[in-house]
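Student: I would like the atomic coordinates for the input below:
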Amino acid sequence: MELRQLHYFVKVAQTLNFSEAARLLFITQSTLSQQIRQLENELGTALFERNSHSVSLTENGASLLPLAEKTLLAARDCKDRIRDLQTAVSGELIIGTTFSFCPILTETLQNFLREYPGVKLVIFSKSMEELMEMLRKREVDFVLAFKPLEEYGEIESHVLFEDKLSVILRKDHPLAQRESLSVGDIAHLGVAMPAKGLQARNVLDHHIDIVREGLDVTVELNDVNMLLDIVQSGICISILSDATIYHRDNLKAVPLDIPGNRMVGCIHMLRNTYRKKSAEIFLKMLSRSSEVSALAVPGVGNHR
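Tutor: As a prediction, this is how the structure comes out:
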């Protein structure tokens with residue numbers, strides 16, 4: 001049994017489609033089928049039920065899947081450990097970040113790339129739910145996101161900074177000089193609303209009923225940059241975290257006066273797993289960056 005065969009088996013099990021799995025693995029379908037047959041012969045059991053219309057896991061195949069995934073993860077950890085022993089910082093660092101975190105990564109990304117050119121950075125920007133699932137599957141090394149409303153038992157969170165929901169508007173807007181704004185203050189204004197799934201929207205929906213409060217939602221988007229562009233044009237206001245406008249000098253964030261208006265920016269990692277040196281260095285650089293410092297870090301390293 002080879003790790004390559006287990007990798008092929010897992011990909012077919014995930015897609016339940018030999019053609020699609022072969023495409024994702026960059027091999028021919030005949031090669032994939034041959035490797036799966038060899039694995040089945042070695043194990044002495046069929047792993048998939050195949051017919052002209054569908055592919056499904058057999059009982060033994062379903063039992064093998066979590067064991068194969070665990071074996072592949074252990075092999076990857078071993079490879080990372082040896083690489084770290086051979087050289088100070090190298091390899092690949094895979095980061096998951098929510099859209100709201102992107103504006104505060106610029107300085108750290110630039111400094112890290114300059115100082116550690118041997119590390120390939122791969123960054124995924126997705127919703128929190130998607131990123132947490134990727135973290136569970138070890139598809140990212142860590143996630144940068146606000147503290148979720150639900151608990152993830154296998155994931156530990158380190159506090160990076162505290163933030164809050166704010167009304168985002170142009171600095172020349174008549175309400176920009178207010179110290180805070182209530183929902184009633186903005187009910188008559190057009191709102192470019194973050195789409196469901198973004199953490200700012202999750203927090204807002206948790207505390208208020210948008211329809212009942214009478215907010216005039218003119219557009220919903222899951223692209224924070226596009227939301228900010230709309231606000232910058234003067235067409236609408238938006239409701240997002242303060243962190244999202246860090247590099248937008250002509251925008252203002254005025255705290256939204258609602259109960260429990262607190263968002264905690266966190267580093268999320270799987271418990272009891274090996275952490276690459278590159279990840280430790282990147283996160284240390286991030287915690288010391290001017291972008292994070294500007295958000296009044298209350299205590300980096302706190303665990304949940």
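
Student: For Met226, what is the enclosing helix or strand?
Tutor: helix 224-233 (DSSP states H and E).

Student: partner strands of whatever helix or strand comes next after that helix, parallel or antiparallel?
Tutor: Heading C-terminal from helix 224-233, the first helix or strand you meet, by DSSP H and E, is strand 237-241. Its sheet considered, strand 237-241 pairs with strand 165-170 (antiparallel), strand 190-194 (parallel) by DSSP bridges.

Student: Quick one: the ones you listed as a markdown table, columns for mean pLDDT, mean neighbour count and distance to Leu149 too.
Tutor: No exception for glycine: its C-beta is placed from N, CA and C like everyone else's. A markdown table is the format used below for the strands paired with strand 237-241 (pLDDT from 0 to 100; neighbours: other C-beta atoms under 10 Å; distance: least, C-beta to C-beta, whole Å):
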| stretch | mean pLDDT | mean neighbour count | distance to Leu149 |
| --- | --- | --- | --- |
| strand 165-170 | 94 | 24 | 13 |
| strand 190-194 | 92 | 22 | 15 |
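
Student: quick one, which of those is nearest to Leu256?
Tutor: For Leu256, the closest of the strands paired with strand 237-241 is strand 165-170, at 4.8 Å, according to C-beta to C-beta.

Student: Taking helix 224-233 as reference, get the angle to that closest one.
Tutor: Here the directions of strand 165-170 and helix 224-233 differ by 50 degrees (axes from the mean of the first three to the mean of the last three C-alpha atoms, to 10 degrees).

Student: list the buried ones in the helix holding Met226?
Tutor: Neighbour-count burial for helix 224-233, counted by 16 or more other C-beta atoms under 10 Å, picks out 224, 227-228, 230-231.

Student: What ranges in this protein fall below the confidence cut-off?
Tutor: Along the chain, the model assigns pLDDT under 70 to residues 80-89, 296-304.

Student: Let me know whether His188 touches Asp216 as I believe.
Tutor: Yes - the pair His188 / Asp216 is scored as a contact, 6.9 Å apart, by C-beta atoms under 8 Å.

Student: one step back: need the buried residues of helix 224-233 in a markdown table with distance to Leu65, can you?
Tutor: Formatted as a markdown table, the buried residues of helix 224-233 follow (distance: C-beta to C-beta, whole Å):
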| residue | distance to Leu65 |
| --- | --- |
| Val224 | 36 |
| Leu227 | 40 |
| Leu228 | 42 |
| Ile230 | 45 |
| Val231 | 46 |
